[in-house]
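Chemist: structure, please.
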Amino acid sequence: MTQPTDQPTPPVPFDRALAEAVVEIEDHAAESGWDGQARLFALVDTAELAAREPGLAAALGLEGGAVGLTPVEQDLEPGQQLEQVLEQIGWPEEVAGCAVVVERLVLPPAVEGEVPEGLEEARAFAAEHPDRQEVRIVAGVIRGGASWCTLRLREHDRTEDVIGGADLVPALLALLHATLEDEA
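Modeler: The predicted structure follows:
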């Protein structure tokens, strides 16, 4: 019988095209300002998009051997809960990945035990707490496991203050990865 080891979790693979697409989406979201609804994007291989849709590629300025990932925004109904949408969605094979933009209130870890159990009560508690921070999260994943996230605090709303990393919001990334899994 083997004993569990304290092996570190392998690092999340880095994908430059994904990181660039997430940063592009974050820049786009920043242009729209704060207090926006959640947004969902399919990420498609730019070269494949240009080959399949030359007219669209030309309109987007993607012809001429463009590489990387192109974000394609998906329509969400106003007021839809993003988590519920993600639990119901599956992407076709042509979609290389997906990304979301969400704004959330976050609290310092020290108040974790004070947060009420109910969803509405927890939201009200967070909205009233003096140490709350408003954050915009852009999280993206691609088939094969790579992920990238950006975080922008409303209090530090400058591009140079945006934080990036592969696993900043694990629960959200898990939801995104699940949308890319094949339904066997």
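
Chemist: where's residue 102, which helix or strand?
Modeler: strand 97-106 (DSSP states H and E).

Chemist: any buried residues in the helix or strand following that strand, and which?
Modeler: Using DSSP H and E, the helix or strand that follows strand 97-106 in sequence is helix 119-128. In terms of neighbour count (16 or more other CB atoms under 10 Å), helix 119-128 has its buried residues at 125-126. For glycine as for every other residue, the C-beta is placed from the backbone atoms N, C-alpha and C.

Chemist: what about helix 119-128, distance to the chain center?
Modeler: Centroid displacement of helix 119-128 relative to its chain, using CA atoms, centre = their mean, to the nearest Å, is 23 Å.

Chemist: residues in contact with it?
Modeler: Residues from elsewhere that reach helix 119-128, judged by CB atoms under 8 Å, 6 or more residues apart in numbering: 105-107, 114-116, 132.

Chemist: by contact count, what packs against the worst-scoring helix or strand of the chain on mean pLDDT?
Modeler: Here the helix or strand of the chain ranked lowest by mean pLDDT, DSSP states H and E is helix 54-60, holding a mean of 78. For helix 54-60, the elements it packs on are helix 46-52, judged by 3 or more CB pairs under 8 Å, 6 or more residues apart in numbering; DSSP states H and E.

Chemist: residues near residue 129, how many?
Modeler: Residues lying near residue 129 (other CB atoms under 10 Å) number 16.

Chemist: again, but for residue 150
Modeler: Residue 150 has 24 nearby residues by other CB under 10 Å.

Chemist: could you tell me the angle between whichever helix or strand it is part of and strand 97-106?
Modeler: In the assignment (DSSP H and E), residue 150 maps to strand 147-153. Interaxial angle of strand 147-153 relative to strand 97-106 (axes from the mean of the first three to the mean of the last three CA atoms, to 10 degrees): 30 degrees.

Chemist: number the residues from 28 up from this point.
Modeler: Yes, from this point I'll number from 28; that puts the last item at strand 174-180.
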